[in-house]
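Trainee: I would like to see how this sequence folds:
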Amino acid sequence: MQMPSGLPARVAVVCTLVFGVAIAHAERRPVAVIDLSADPKTEQLAKDLNPVLLGHPDLQPIPDPSVAAELFGLFRDDDQDHIANALNSKQTAEGQLAQYSFETANESAGNGQGELREVVPSAAVILLYAKLAFIRGQAQLGMPRQASDAPSSFALAHRLDPSFVPDAARYLPDVVQAYEAAKKRWSGKGMLGVVGHGRLWIDGKDSGIAPADVELDAGPHVVWLTGPDRVTAAKQILVEATKKVKLEIADAPASKRLKVRRARAALRYAPDPAARAAAMRVLADLVEVRDAVLLSSANNKVIVQTWNAGTRDQAPGFSALRELQNEKPIDLLTPLAPPVPKVDNPKPDEPKPKPIVDNRRWIERPKWQVSIAVGVIAAIIGGYYIYKAATDDSVTWDNDISPTTRIRW
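Mentor: Numbers count the residues shown, from 1 in each chain. The predicted model follows:
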């Protein structure tokens with residue numbers, strides 16, 4: 001008879017059978033409530049649906065409230081905030097330049113460029129960046145210690161906005177001359193090695209995917225890295241002819257909330273059904289749901305639509321749009337979790353089966369008799385072996401328990 005390893009010596013082993021009943025409950029599915037209109041009515045309805053989901057037997061809200069909050073309310077455009085700040089910086093810089101406060105003007109224009117380096121480049125962004133570069137060139141020209149930086153600022157302004165020509169009636173002659181000279185200062189081509197990840201934009205033009213090596217005209221350039229999974233970032237670089245320069249833009253992963261915010265906007269502004277389906281899939285994967293309620297508005301009416309990933313009997317995709325009538329918030333969840341149909345009661349004229357009643361005493365019933373007999377037998381056998389082990393001197397216990405240790409009789 002071998003002793004199990006890991007048990008101390010001189011300890012009796014007691015085995016207990018435990019009987020229980022396990023009740024399995026289906027896991028509640030999270031649901032995304034998405035407001036696509038930012039209308040007060042749809043926003044309030046989205047808020048009202050979340051507590052309903054909390055008490056729903058089959059569904060639940062998105063576990064992270066901060067992520068769920070990105071799915072309703074006003075559409076936040078981070079780019080517009082940066083652009084507004086850049087416009088304010090431009091206005092400040094122009095005012096300081098008019099007062100010959102060159103250092104403040106240069107600093108304000110530089111701050112404006114910094115704001116735009118966090119914005120996905122567009123035609124309007126590039127033109128604004130060019131104007132700020134021209135302002136910096138004027139300010140630097142008036143600062144003896146930074147006058148050598150003016151040609152680079154003027155050349156960048158010309159590269160970003162080739163159609164711009166300084167008006168000799170508005171600007172000082174030395175500004176016009178310096179601007180024209182800067183346009184011709186650099187010639188030839190060089191190589192730019194961009195280190196980083198994302199969509200690559202050079203001087204506002206889509207240039208593929210980074211990391212990459214790109215041949216460019218010599219002179220100043222501004223380089224952006226963008227993408228749905230990263231924070232937009234940019235840097236200015238000077239490329240020299242026949243040489244290669246490396247530019248590193250650090251990876252800056254976007255937070256989950258920022259990704260959700262972008263995905264919600266992409267869903268709202270999707271140009272066609274295919275793009276809308278793709279945007280919905282991206283958003284669903286981000287918030288980890290397979291069911292969603294979408295709210296929009298038209299003619300001051302709330303429009304409701306549901307979406308599912310095709311995990312149940314219905315086909316995957318969007319349901320038909322329908323106008324909200326007098327339904328309660330919980331009624332909007334019915335397409336995602338239909339109520340369990342009730343079992344019909346038997347008809348009155350159908351006789352109900354009579355239950356079988358056993359009038360015997362419990363001691364006379366077979367199942368109790370068998371249980372008592374098994375218990376008595378088990379108690380007798382167990383008691384016998386415990387008594388034998390305690391009184392039999394031929395049993396020797398070895399304190400050194402190991403997988404090969406045995407009780408010697």
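Trainee: poorly predicted segments of the stretch 101-250 of the chain, please.
Mentor: Scanning the stretch 101-250 of the chain for pLDDT under 70 picks out nothing.
Trainee: and for residue 127, the neighbour number?
Mentor: By the criterion of other C-beta atoms under 10 Å, residue 127 has 15 neighbours. For glycine as for every other residue, the C-beta is placed from the backbone atoms N, C-alpha and C.
Trainee: same thing with the one 4 residues further on?
Mentor: Neighbours of residue 131 under the rule other C-beta under 10 Å: 21.
Trainee: and residue 99, by the same measure?
Mentor: Counted by other C-beta under 10 Å, the residues lying close to residue 99 total 9.
Trainee: do residue 323 as well
Mentor: By other C-beta under 10 Å, the residues close to residue 323 number 10.
Trainee: check contacts around it.
Mentor: Residue 323 sits next to 301, 302, 303, 304 when contact means C-beta atoms under 8 Å, 6 or more residues apart in numbering.
Trainee: distance check, it against residue 305.
Mentor: Separation of residue 323 from residue 305 (C-beta to C-beta, to the nearest Å): 11 Å.
Trainee: how long is stretch 165-172 end to end?
Mentor: Using C-alpha to C-alpha, to the nearest Å, the end-to-end distance of stretch 165-172 comes to 13 Å.
Trainee: what's that stretch in contact with?
Mentor: Contacts of stretch 165-172 with the rest of the structure, by C-beta under 8 Å, 6+ apart, involve 134, 138, 175, 176, 179.
Trainee: tell me the secondary structure of the fourth one, please.
Mentor: Secondary structure assignment for residue 176 (DSSP: H, G, I helix; E, B strand; the rest coil): helix.
Trainee: how close does it sit to residue 164?
Mentor: Distance, residue 176 to residue 164, using C-beta to C-beta: 12 Å.
Trainee: can you pull the contacts of the nearest residue to residue 127 once chain neighbours are set aside?
Mentor: Distances taken as C-beta to C-beta, 6 or more residues apart in numbering put residue 161 closest to residue 127, at 5.7 Å, once the chain neighbours are dropped. Taking C-beta under 8 Å, 6+ apart, we find residue 161 in contact with 126, 127, 130, 131.
Trainee: just the ones in helices from those residues, please.
Mentor: Those of the contacts of residue 161 mapping onto helices are 126, 127, 130, 131, per DSSP state H.
Trainee: nearest spatial neighbour of the first one, skipping sequence neighbours?
Mentor: By that I understand residue 126. Excluding the flanking residues, the one nearest residue 126 by C-beta to C-beta, 6+ apart is residue 204, at 3.7 Å.
Trainee: that neighbour contacts residue 125, doesn't it?
Mentor: Yes. Judged on C-beta atoms under 8 Å, residue 204 makes contact with residue 125 at a distance of 7.1 Å.
Trainee: now the strands for this protein?
Mentor: Ranges of strands in the chain, per DSSP state E, are 29-35, 59-61, 189-202, 205-217, 219-226, 233-239, 244-248, 291-298, 301-308, 317-318, 322-323.
Trainee: TSV for these, including distance to residue 157?
Mentor: Formatted as TSV, the strands of the chain follow (distance: least, C-beta to C-beta, whole Å):
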stretch	distance to residue 157
strand 29-35	42
strand 59-61	51
strand 189-202	16
strand 205-217	15
strand 219-226	9
strand 233-239	12
strand 244-248	20
strand 291-298	43
strand 301-308	47
strand 317-318	48
strand 322-323	53
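Trainee: indicate which one of those strands is closest to residue 106.
Mentor: Taking C-beta to C-beta as the criterion, residue 106 comes closest to strand 233-239 out of those, the separation being 14.3 Å.
Trainee: ok, residues contacting that closest one?
Mentor: Under the contact criterion C-beta under 8 Å, 6+ apart, strand 233-239 has outside partners 113, 116-118, 121, 152, 156, 190-192, 196, 201, 216-225, 245, 247, 249-250, 252.
Trainee: among the residues you listed, which ones are buried?
Mentor: Neighbour-count burial (16 or more other C-beta atoms under 10 Å) applied to the contacts of strand 233-239 gives 113, 116-118, 121, 152, 156, 190, 192, 196, 201, 216, 218-225, 247, 249, 252.
Trainee: distance check, residue 92 against residue 137.
Mentor: 17 Å.
Trainee: who has more neighbours, these two?
Mentor: Using other C-beta under 10 Å, the more surrounded residue of residue 92 and residue 137 is residue 137, with 26 against 17.
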